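A.B. asks: sequence first, then the predicted structure:
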Amino acid sequence: MNTFPFSALVGQELLKKGLLVNAVDPSIGGVLLRGEKGTGKTTAVRSFAAVLPPKEVVSGCRFGCVRGTLLCDECRAREASGEVLRYEPRAVEVVDLALNASEDRVVGSLDLEAALREGSRKFEMGVLGKANGNILYIDEVNLLDDHVVDVLLDVAVSGVNMVMREGVSYRHPSRFLLVGTMNPEEGELRPQLLDRFGLCVEISGERDVGLRKSIVERVLLFEGEDAGFREKWDRKDEELRARLVAARAALPRVEVPGEILESIVAVVAELGVAGHRGDITVLKAAKALAAIKGIPSPDEECLSDAFRLALPHRLKEDPFEETASGRKRLEGVLARFG
């Protein structure tokens, strides 16, 4: 499929950083993209998938078990029988979740009759099985059933999908990069679910005339299959792919000095963020941003971006304010701590 180059996207810098951070450290818990229709959210996600490094998966595994991660029951059975598992490269894909998906369609289902009659565990794979090692994309996540969203977020954190029916269980790895989009005009997510998304980015159409002109020009060149346009931006996507590989390798070596950790905790505490998930996510995002920049510890830019990615959806809004009061408070606190 002909995909718009990720590096050719104009503006939306925080959106791009939010996706890149999750690619470097999937434990951050995904990203929620909030904004009006027609602002390039879907284009950005599909472009991003194309720029990710290929994964190495077990040959013949229907769950696509990724090298170095938990194996599914079937792959473990193959190993126990003496088989040496072989791996093959496979591109990262975008797996779409339909809004009308039932819980069984999402997590998969067990054939209880076969389990009781034959003692076998016949498992029909759900969306979470297909999503392993890929991007799980939920358009209009705010319109999805709350219980299904809760299940997805639980698995996104644990990386394992466990299905239990009448005492029969089946588990398989399900490590994916979760990306949800929503238009706030069509309804909000419950605060408890909002908090479960690691990062959140507010997206709006570009107002700058120069940027809007660049968007139109690049789209026309892309749609016209301009060879020079494709060659230029494919080369930049290759460079970005190499940076992601290097960032993943460098992440364990990124250090967070005590004074930086104190600053993170102080900002989150002053903003009145409930719980500790916000502090932890800011720290992880700052480390991932430092790894992408190739520096040994987060600098001021990394910290500012991490706060703006990890906190806005965790801040309480004043119902009497016409504008986003939480984001205004965040900017005010960052200006003082900066």
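C.D. replies: Arrived safely.
A.B. asks: please make it C-alpha for all contacts and neighbour counts, starting now.
C.D. replies: Will do.
A.B. asks: alpha carbons of stretch 46-62, in CSV - could you do that?
C.D. replies: Output of stretch 46-62 as CSV, limited to C-alpha atoms (Å, rounded to 0.1, in the frame of the first residue of the first chain):
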residue,chain,number,x,y,z
ARG,A,46,-0.5,4.6,9.1
SER,A,47,2.7,6.5,8.1
PHE,A,48,4.2,5.7,11.4
ALA,A,49,3.7,2.0,11.0
ALA,A,50,5.6,2.1,7.8
VAL,A,51,8.6,3.7,9.4
LEU,A,52,9.0,1.2,12.3
PRO,A,53,11.8,-1.3,12.1
PRO,A,54,10.6,-4.8,11.1
LYS,A,55,10.1,-7.3,13.9
GLU,A,56,11.5,-10.9,14.1
VAL,A,57,8.7,-13.4,14.7
VAL,A,58,8.5,-17.2,15.0
SER,A,59,7.9,-18.8,11.7
GLY,A,60,4.5,-20.5,11.5
CYS,A,61,3.2,-18.9,14.7
ARG,A,62,-0.3,-17.5,14.2
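A.B. asks: which residues are contacting it?
C.D. replies: 3-6, 19, 23, 64-67, 74-75, 85-94, 133, 135, 237-238, 240-242, 244-245 (CA atoms under 8 Å, 6 or more residues apart in numbering).
A.B. asks: would you mind giving me the PyMOL syntax to select the buried ones in those residues?
C.D. replies: Applying 16 or more other CA atoms under 10 Å to the contacts of stretch 46-62 leaves a buried subset, and the PyMOL line that selects it is:
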select buried, resi 4+5+6+19+23+64+65+66+67+75+87+90+91+92+93+94+133+135+237+240+241+244
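A.B. asks: among the contacts of stretch 46-62, which ones are in strands?
C.D. replies: The strands, defined by DSSP state E, take in 87-90, 94, 135 from these.
A.B. asks: quick check: Arg175 is in a strand.
C.D. replies: No - counting by DSSP: H, G, I helix; E, B strand; the rest coil, Arg175 is located in no strand; its state is coil.
A.B. asks: can you map out the helices along the stretch 101-250 of the chain?
C.D. replies: Using DSSP state H, counting those that start in this stretch, the helices of the stretch 101-250 of the chain run over 103-107, 112-118, 127-130, 146-158, 191-194, 209-223, 227-250.
A.B. asks: which other helices and strands does the first one contact?
C.D. replies: Where contact means 3 or more CA pairs under 8 Å, 6 or more residues apart in numbering; DSSP states H and E, helix 103-107 is packed against helix 127-130.
A.B. asks: and with 10 Å instead?
C.D. replies: With contacts taken as 3 or more CA pairs under 10 Å, 6 or more residues apart in numbering; DSSP states H and E, helix 103-107 sits against strand 123-124, helix 127-130, helix 146-158, strand 160-165.
A.B. asks: what about dumping the CA coordinates of it to CSV?
C.D. replies: The C-alpha trace of helix 103-107 is given here as CSV (Å, rounded to 0.1, in the frame of the first residue of the first chain):
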residue,chain,number,x,y,z
GLU,A,103,-15.4,-8.8,24.2
ASP,A,104,-15.0,-12.3,22.6
ARG,A,105,-14.1,-10.7,19.3
VAL,A,106,-11.4,-8.7,21.1
VAL,A,107,-9.9,-11.3,23.4
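A.B. asks: good, wrapping up.
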